[in-house]
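Engineer: no FASTA, just this:
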């Protein structure tokens with residue numbers, strides 16, 4: 001982390017220049033309103049939350065009103081935010097605790113806020129930073145996590161660890177500004193898809209965007225830039241010349257672009273290291289990593305390196321309640337992002353996913369959204385795993401039989417070893433061959449034809465897998481999946 005100290009002064013100065021009035025984008029007038037809005041903002045845009053909260057806040061003016069509300073009516077009131085049942089439950093539980101333990105008032109300490117049901121550090125930081133102007137920590141949402149990792153400010157995989165790194169690097173007096181400013185930067189410039197590197201005021205100090213050969217000169221260049229900006233002047237051109245952007249950035253390349261160097265496979269997410277850590281030291285994985293690295297040097301490979309383990313990242317080992325097994329990542333531009341069957345927002349759902357939506361409509365009354373982005377399912381405990389985790393652009397099955405199948409079989413065995421029962425969803429003959437890895441006496445296995453247009457009418461349509469999954473989860477004593485996806 002010490003190497004990242006130099007650019008923090010630059011980052012703060014430039015963030016203040018671009019976002020001088022940075023604030024969290026939710027609308028609120030009391031700490032309770034901010035707490036409720038923050039709960040609603042999970043997997044939902046701030047704009048959508050801000051459209052529904054005026055009526056919600058008028059109807060439920062205090063914590064007791066939420067705690068004593070009719071649950072069905074509260075669910076209906078928050079329905080536009082998505083996951084409305086879970087969110088209504090979380091709001092009622094938190095507000096009941098506020099009434100019982102804090103006189104209906106939102107407490108002003110991290111420990112007390114995090115003692116509320118469903119309130120974790122990120123939500124507590126939003127309330128304390130924003131409503132009370134208390135530097136309790138740094139707000140770390142998906143935007144802040146992504147930008148921090150790209151900038152080299154943290155290499156940690158989870159939000160709490162990233163926050164710890166940022167709290168060590170960023171002066172405490174800047175915490176309440178830094179979080180909201182980084183959110184804005186991640187939302188509008190350093191986006192997950194096609195980041196606007198050419199227009200980014202931080203590109204010359206961004207570790208992710210520097211060629212490996214430029215690393216040695218980076219620190220010196222940053223130190224000169226810090227010195228110049230500390231005096232209020234522009235960066236010294238000589239310092240700037242030491243910071244050579246990568247060729248991919250210079251060309252404005254987006255996700256999946258060819259990389260100069262790089263390992264090809266990212267680190268294993270923290271929560272899976274206990275279950276899978278030994279796999280990474282086995283000869284087959286060493287050969288696999290070398291193969292993927294060579295492919296990335298010479299070819300365009302999907303998904304981008306930092307999304308190869310997205311399924312494991314979004315669904316921690318301890319949270320897995322459902323496994324949905326796919327085969328190969330999508331191989332066209334902009335589609336794959338590490339979750340089987342899912343595509344990025346703005347990409348037309350492929351035929352198999354469109355057929356899944358048709359079955360969802362008839363099975364559970366699903367409303368087809370304007371996107372095929374299934375990340376919300378992953379965050380509810382559904383491990384959306386492809387058997388092969390990378391693919392050469394426009395060449396299906398090009399990374400088949402290079403070691404990924406061995407690794408993902410190990411993932412399935414690790415999940416099979418969990419004490420709690422899990423639902424395994426195996427669509428099509430390829431996935432059903434993996435049934436031998438699952439102890440069906442302890443776990444539930446749901447099988448049918450694949451949703452592909454080639455087979456959907458021979459056993460997928462009418463199989464009602466989504467209601468079957470939730471029925472099994474209820475038998476297991478676990479929360480059902482809220483299948484409805486929000487528009488984006």
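Structural biologist: Yep, that arrived. On a predicted model such as this, the values are computed, not experimentally measured, just so you know. Numbers count the residues shown, from 1 in each chain.
Engineer: If we ignore the residues flanking it in sequence, what's nearest residue 300?
Structural biologist: Computed as Cβ to Cβ, 6 or more residues apart in numbering, the closest residue to residue 300 that is not its neighbour in sequence is residue 393, at 3.8 Å. For the C-beta atoms, the positions are set from N, CA and C on the backbone; glycine is no exception.
Engineer: do residue 54 as well
Structural biologist: What sits nearest to residue 54 in space, not counting adjacent residues and going by Cβ to Cβ, 6+ apart, is residue 27, at 7.8 Å.
Engineer: Confirm that that neighbour sits in a helix.
Structural biologist: No - assessed by DSSP: H, G, I helix; E, B strand; the rest coil, residue 27 does not belong to a helix; its assignment is coil.
Engineer: Now do it, the pLDDT please.
Structural biologist: Model confidence at residue 27, expressed as pLDDT, equals 92.
Engineer: what's the burial count for it?
Structural biologist: Neighbour count of residue 27, defined by other Cβ atoms under 10 Å: 16.
Engineer: thinking it is in contact with residue 51, fair?
Structural biologist: No - with contact taken as Cβ atoms under 8 Å, residue 27 and residue 51 are classed as non-touching, separated by 9.5 Å.
Engineer: hmm, back to that, wait, what's in contact with the residue nearest to residue 54?
Structural biologist: Applying Cβ atoms under 8 Å, 6 or more residues apart in numbering, we find residue 27 in contact with 37, 50, 53, 54.
Engineer: Which one of the residues you listed is nearest to residue 78?
Structural biologist: For the contacts of residue 27, the minimum distance to residue 78 (Cβ to Cβ) is 9.3 Å, reached by residue 53.
Engineer: helix, strand or coil for residue 340?
Structural biologist: Using three-state DSSP, the secondary structure recorded for residue 340 is coil.
Engineer: Any figure for the gap between the closest residue to it other than its chain neighbours and residue 402?
Structural biologist: Excluding its sequence neighbours, the residue lying closest to residue 340 (Cβ to Cβ, 6+ apart) is residue 326, at 2.8 Å. Here the distance between residue 326 and residue 402 works out to 17 Å (Cβ to Cβ, to the nearest Å).
Engineer: Same drill for the two, tell me which one is more crowded.
Structural biologist: residue 326 (23 against 17).
Engineer: Pretty sure the more buried one sits against residue 382.
Structural biologist: No - the criterion here is Cβ under 8 Å, and residue 326 misses it with residue 382 at 12.0 Å.
Engineer: Can you report how many residues neighbour residue 164?
Structural biologist: Applying other Cβ under 10 Å, we find 17 residues neighbouring residue 164.
Engineer: Can you list the low-confidence ranges for the stretch 351-488 of the chain?
Structural biologist: For the stretch 351-488 of the chain, not a single residue meets the criterion pLDDT under 70.
Engineer: mind checking pLDDT for the closest residue to residue 376 other than its chain neighbours?
Structural biologist: Counting by Cβ to Cβ, 6+ apart, residue 376 lies nearest to residue 43, which is 4.8 Å off, once chain neighbours are set aside. If you check residue 43, the pLDDT there is 73.
Engineer: Please apply the same query to the one 4 residues further on.
Structural biologist: At residue 47, the model reports a pLDDT of 85.
Engineer: Not counting its neighbours along the chain, what's nearest it?
Structural biologist: Here the residue nearest residue 47, using Cβ to Cβ, 6+ apart, is residue 25, at 7.9 Å.
Engineer: Was I right to think the one you found contacts residue 46?
Structural biologist: Yes - if you go by Cβ under 8 Å, residue 25 and residue 46 touch, sitting 4.2 Å apart.
Engineer: wait, isn't the residue nearest to residue 300 in contact with residue 298?
Structural biologist: No - under the criterion of Cβ under 8 Å, residue 393 makes no contact with residue 298, lying 11.5 Å away.
Engineer: Please report how far residue 472 lies from residue 383.
Structural biologist: Residue 472 sits at a distance of 15 Å from residue 383 (criterion: Cβ to Cβ).
Engineer: what do you get for residue 409?
Structural biologist: Here residue 409 is placed at a distance of 14 Å from residue 383 (Cβ to Cβ).
Engineer: what do you get for residue 32?
Structural biologist: Summarising the geometry, the distance separating residue 32 from residue 383, computed by Cβ to Cβ, is 35 Å.
Engineer: Neighbour count: those two, which is higher?
Structural biologist: More neighbours sit around residue 383 than around the other of residue 32 and residue 383, counting by other Cβ under 10 Å; the figures are 27 against 24.
Engineer: and the more buried one, what element?
Structural biologist: With the criterion set as DSSP states H and E, the secondary-structure element containing residue 383 is strand 382-386.
Engineer: cool, residue 425 as well?
Structural biologist: Secondary structure assignment for residue 425, by DSSP H and E: strand 423-427.
Engineer: For residue 136, give me its contacts.
Structural biologist: Applying Cβ under 8 Å, 6+ apart, one finds that residue 136 lies in contact with 109, 110, 124, 125, 128, 129, 175.
Engineer: Buried by neighbour count, from those: which ones?
Structural biologist: Buried subset of the contacts of residue 136 (neighbour count, 16 or more other Cβ atoms under 10 Å): 110, 124, 125, 128, 129, 175.
Engineer: Residue 371 contacts residue 357, correct?
Structural biologist: No - contact between residue 371 and residue 357 fails when scored by Cβ under 8 Å: they sit 10.6 Å apart.
Engineer: Quickly list what's touching both of the two.
Structural biologist: Taking Cβ under 8 Å, 6+ apart as the contact rule, the neighbours common to residue 371 and residue 357 are residue 349.
Engineer: Just the buried residues of stretch 14-26, please?
Structural biologist: In stretch 14-26, the ones that count as buried by 16+ other Cβ under 10 Å are 14, 15, 18, 19, 22, 24, 25, 26.
Engineer: Farthest-apart pair in those residues, please.
Structural biologist: Taking Cβ to Cβ as the measure, these have their most distant pair in 14 and 26, spaced 24.7 Å apart.
Engineer: Could you check how far residue 96 is from residue 113?
Structural biologist: Following Cβ to Cβ, the distance that separates residue 96 from residue 113 is 15 Å.
Engineer: Tell me which of those two has more neighbours.
Structural biologist: The residue with the greater number of neighbours, taking residue 96 and residue 113 and applying other Cβ under 10 Å, is residue 113; the counts read 24 against 17.
Engineer: got a list of what that one touches?
Structural biologist: Neighbour list for residue 113: 106, 107, 119, 123, 124, 127, 128 [criterion: Cβ under 8 Å, 6+ apart].
Engineer: Which pLDDT value belongs to the residue lying closest to the second one once chain neighbours are set aside?
Structural biologist: It stands for residue 107. In space, residue 107 comes closest to residue 113 once its chain neighbours are excluded; the distance is 5.7 Å by Cβ to Cβ, 6+ apart. At residue 113 the predicted local confidence, pLDDT, stands at 96.
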